[in-house]
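Undergrad: task: produce atomic coordinates for the following.
(2 chains, ligands or ions: 2)
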Amino acid sequence: MNSEENKKPVLELKDIKKSFGDNHVLKGFNLTLHEGENLVIMGKSGSGKSVMVKCIVGLIQPDSGSIRIKDQDIITMGQKELDFLRTEIGYLFQGSALYDSMTVRENLEFPLRRHKDKIENFQGTEASVHEALKSVGLLDAIDRMPAELSGGMQRRVALARALILKPKIIMYDEPTTGLDPITANEIIQLMRSIQKEYNTSSLIITHDVDCARVISNRMILLVDGINYAEGTFEELSNSSDPQTRAFFKN
Amino acid sequence: MSKPNSFLDRIKSFFAEIGDMAFFAGRFFRELFSKPFEFRELLRQCYNMGNRSLFLVIVTGFILGLVFTLQSRPTLTQFGAESWMPSMISLSIVREIGPVIIALICAGRIGSGIGAEIGSMRVTEQIDAMEVSGTNPFKYLVVTRILAVTLMLPLLVILGDAVALVGSAIVENLKGGVSYTLYFNQVFDALKFSDVFPATVKTFFFGFAIGLVGTYKGYNCAKGTVGVGEASNSAVVYTSMLLFIIDFIAVFVTDIFYTL
Ligand SMILES: Nc1ncnc2c1ncn2[C@@H]1O[C@H](COP(=O)(O)OP(=O)(O)O)[C@@H](O)[C@H]1O
Ligand SMILES: [Mg+2]
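TA: Ligands and ions are numbered 1, 2, ... in the order given. This next block holds a predicted model:
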């Protein structure tokens, strides 16, 4: 996948720094996501991966650095533009973050409340919800409550919700964590099929080596708040650096 | 974050929190009048809150009227002032006991519910999810709930007062042989606009306090399930305290108006 390098970047983080009090989480993190690419970020738990993705969608303000999505700087933009730009990004939260007081249908309708006009040839709320649920294979769960679903099903519903506005970029925050290996594998296959169907660029946060092997075009290791190492799965897993190799031991 | 331990630290953090809450209230008023209005969610919340507290308010109100009348009767009888019962009871209930008791009950029921619900939404990142999907969670969750309690609490208090008076009338009827017609005639004679109006205005503030503290505690909930319990619990504690402070101020202000 060398051609990825020539494609234009859809997301660029430059020198992102973020501290919570004395806890210096990100200390100058850089990242470029190219069009159509699957970029995997690995890092120990608590290393700031979630903080990094939250900076990208503007949920957390970085202390310094720049974040550009499709050549727009998200840190300086106003609320309206930010809301609009967010429709271009699907975000699968680490714990699914489904609205537990709403049915699956209402969960999926929620992003459509404000952004119907964003979808090209919009066929109605019902049609959109059906389409998104079909792509994750859960159409029959449409009227269930999230609490009635298994962890894997919840993850799929969350994925459907992230997809409903047909974003160009999807960020998966630990999509397979907490799932059994079989379900985890189903989710990985689903991510691949979604990438084909929706033609997205993806940022995948994981410490699941199998997931990284299957899905990544390129990887970044986040250690001590910076990009410690960067390269393809083969390059990094055969690295001479013991700290890099440590990530790939199951 | 260090836990406040000394009494002085507690007082300090208490006032810091009051300041934060004032900011939170300021944001409520700013976002209350800006579009888009989450009207459907407001109606849903009003319905939920009324529905969830209805039974509690009726039972509490009824027992309140019953017990209060039973307890007061002997004293008034001693002074031969039995005939004052209806007016005395109705004034106490409508002006003071009804609003405070019902508000306290609702602080326990509604306030803690709001604290726990919004707190768990914060902890499980549902609030973040709303934010990224283009819905302002402050408007959708906070503004609607504060508004809903502010509107519903006066209704619940009126209902509670009414049921309490019914309870009281039953005791008077059984113990003193006072007919229901006579009882309620005396009640309506005794209650003046100047009694009912300040008492009702007060309940809007009570409702606002319950909604404000509940949403504030939930919205700023600390991570983890401990945080949710803490949010719900401290919502009730703070609200109860705040209710008495508001009551004191309300009585004080009303008193000034009367002496003018
Ligand atoms: N809102 C916040 N306030 C304070 N500290 C935070 C906040 N969010 C994350 N942190 C801290 O930042 C660090 C990285 O967290 P996170 O990004 O969630 O790790 P992970 O890489 O496992 O996703 C942790 O030490 C966490 O305690
Ligand atoms: Mg994380």
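
Undergrad: next one: stretch A:111-124 to chain centre, how far?
TA: Centroid separation for stretch A:111-124 versus its chain: 21 Å, with C-alpha atoms, centre = their mean, to the nearest Å.

Undergrad: oh sorry, the question was meant for stretch A:82-102
TA: 10 Å.

Undergrad: stretch A:43-61 now?
TA: 11 Å.

Undergrad: swap in stretch A:177-195?
TA: With C-alpha atoms, centre = their mean, you get 14 Å for stretch A:177-195.

Undergrad: how about residue B:217, what does it touch?
TA: B:115, B:119, B:231-232, B:234-235, B:238 (C-beta atoms under 8 Å, 6 or more residues apart in numbering or on different chains). The way it works is simple: take the backbone N, C-alpha and C, and place the C-beta from them, glycine included.

Undergrad: look up phi and psi at the closest residue to ligand 2 within the stretch 101-250 of chain B.
TA: Minimum separation of the stretch 101-250 of chain B from ligand 2 (C-beta to the ion) falls at residue B:125, amounting to 10.3 Å. Torsion angles at residue B:125 (phi, psi; degrees, to the nearest 10) stand at phi 70, psi 20.

Undergrad: looking at chain A, which helix or strand is least sure?
TA: helix A:112-115 (a mean of 85; mean pLDDT, DSSP states H and E).

Undergrad: three-state assignment of the residue nearest the centre of chain A?
TA: Nearest to the geometric centre of chain A sits residue A:171, at 1.2 Å (C-alpha atoms, centre = their mean). Secondary structure state of residue A:171, per DSSP: H, G, I helix; E, B strand; the rest coil, is strand.

Undergrad: ok, it to ligand 1 distance?
TA: Distance, residue A:171 to ligand 1, by C-beta to the nearest ligand atom, to the nearest Å: 12 Å.

Undergrad: next one: residue A:166
TA: 26 Å.

Undergrad: and for residue B:122?
TA: From residue B:122 to ligand 1 the distance is 10 Å (C-beta to the nearest ligand atom).

Undergrad: what parts of chain A come near ligand 2?
TA: Contacts of chain A with ligand 2, taken as C-beta under 5 Å from the ion, map to A:50, A:94.

Undergrad: swap in 6 Å and give it another go.
TA: Taking C-beta under 6 Å from the ion as the measure of proximity, chain A contacts ligand 2 at A:49-50, A:94, A:173-174.

Undergrad: can I get those in TSV including secondary structure?
TA: Conversion of these to TSV gives the following (three-state DSSP):
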residue	secondary structure
A:49	helix
A:50	helix
A:94	coil
A:173	strand
A:174	coil
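
Undergrad: list just the nearest of these to chain B.
TA: residue A:94 (7.4 Å; C-beta to the nearest C-beta).

Undergrad: where in chain A is pLDDT low?
TA: Residue ranges of chain A with pLDDT under 70: A:1-6, A:250.

Undergrad: how about the helices in it?
TA: Ranges of helices in chain A, per DSSP state H, are A:49-56, A:79-86, A:104-109, A:112-115, A:125-135, A:151-163, A:181-198, A:209-215, A:233-237, A:242-246.

Undergrad: now those in CSV, with mean neighbour count and distance to residue B:38?
TA: Listed next are these as CSV, based on neighbours: other C-beta atoms under 10 Å in any protein chain shown; distance: least, C-beta to C-beta, whole Å:
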stretch, mean neighbour count, distance to residue B:38
helix A:49-56, 22, 24
helix A:79-86, 15, 15
helix A:104-109, 22, 14
helix A:112-115, 18, 10
helix A:125-135, 17, 17
helix A:151-163, 24, 19
helix A:181-198, 16, 30
helix A:209-215, 18, 38
helix A:233-237, 16, 46
helix A:242-246, 13, 49
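
Undergrad: of all the ones you listed, which one is nearest residue A:9?
TA: Residue A:9 sits nearest to helix A:49-56 of all the helices of chain A, at 13.2 Å, using C-beta to C-beta.

Undergrad: tell me what that closest one is packed against?
TA: strand A:9-20, strand A:23-34, strand A:38-43, strand A:64-69, strand A:169-173, strand A:201-205 (3 or more C-beta pairs under 8 Å, 6 or more residues apart in numbering or on different chains; DSSP states H and E).

Undergrad: can you put the helices of chain A in CSV and add distance to residue B:202?
TA: Shown next, in CSV, are the helices of chain A (distance: least, C-beta to C-beta, whole Å):
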stretch, distance to residue B:202
helix A:49-56, 43
helix A:79-86, 37
helix A:104-109, 37
helix A:112-115, 37
helix A:125-135, 44
helix A:151-163, 43
helix A:181-198, 55
helix A:209-215, 59
helix A:233-237, 67
helix A:242-246, 65
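
Undergrad: nearest to residue B:59, of those helices?
TA: Of all those, the one in closest proximity to residue B:59, counting by C-beta to C-beta, is helix A:104-109 (33.1 Å).

Undergrad: about what we covered before: right, so of the helices and strands packed on helix A:49-56, which gets closest to chain B?
TA: Of all the helices and strands packed on helix A:49-56, strand A:169-173 comes closest under C-beta to the nearest C-beta, at 9.5 Å.

Undergrad: show me what that closest one is in contact with.
TA: Against strand A:169-173 from outside (C-beta under 8 Å, 6+ apart): A:10-11, A:33, A:49-50, A:53, A:56-57, A:69, A:88-94, A:162-163, A:191, A:194, A:198, A:200-206.

Undergrad: wait, what's in contact with the closest residue to the residue nearest to the centre of chain A other than its chain neighbours?
TA: The shortest distance from residue A:171 to any non-neighbouring residue, by C-beta to C-beta, 6 or more residues apart in numbering or on different chains, is to residue A:203 (4.5 Å). Residues in contact with residue A:203, defined by C-beta under 8 Å, 6+ apart, are A:11, A:31, A:33, A:39, A:41, A:53, A:56, A:169-172.

Undergrad: try residue B:196
TA: residue B:94.

Undergrad: any idea how far residue B:158 is from it?
TA: 9 Å (C-beta to C-beta, to the nearest Å).

Undergrad: for residue 177, what are phi and psi?
TA: I'll assume chain A. Dihedral angles of residue A:177 (phi, psi; degrees, to the nearest 10) stand at phi -70, psi 140.

Undergrad: chain B is the one I meant
TA: phi 70, psi 20.

Undergrad: give me the neighbour count for residue 10.
TA: All of this refers to chain A. Using other C-beta atoms under 10 Å in any protein chain shown, residue A:10 is surrounded by 22 other residues.

Undergrad: not quite, I wanted chain B
TA: Residue B:10 has 11 nearby residues by other C-beta under 10 Å.

Undergrad: that concludes my questions; thank you for your assistance.
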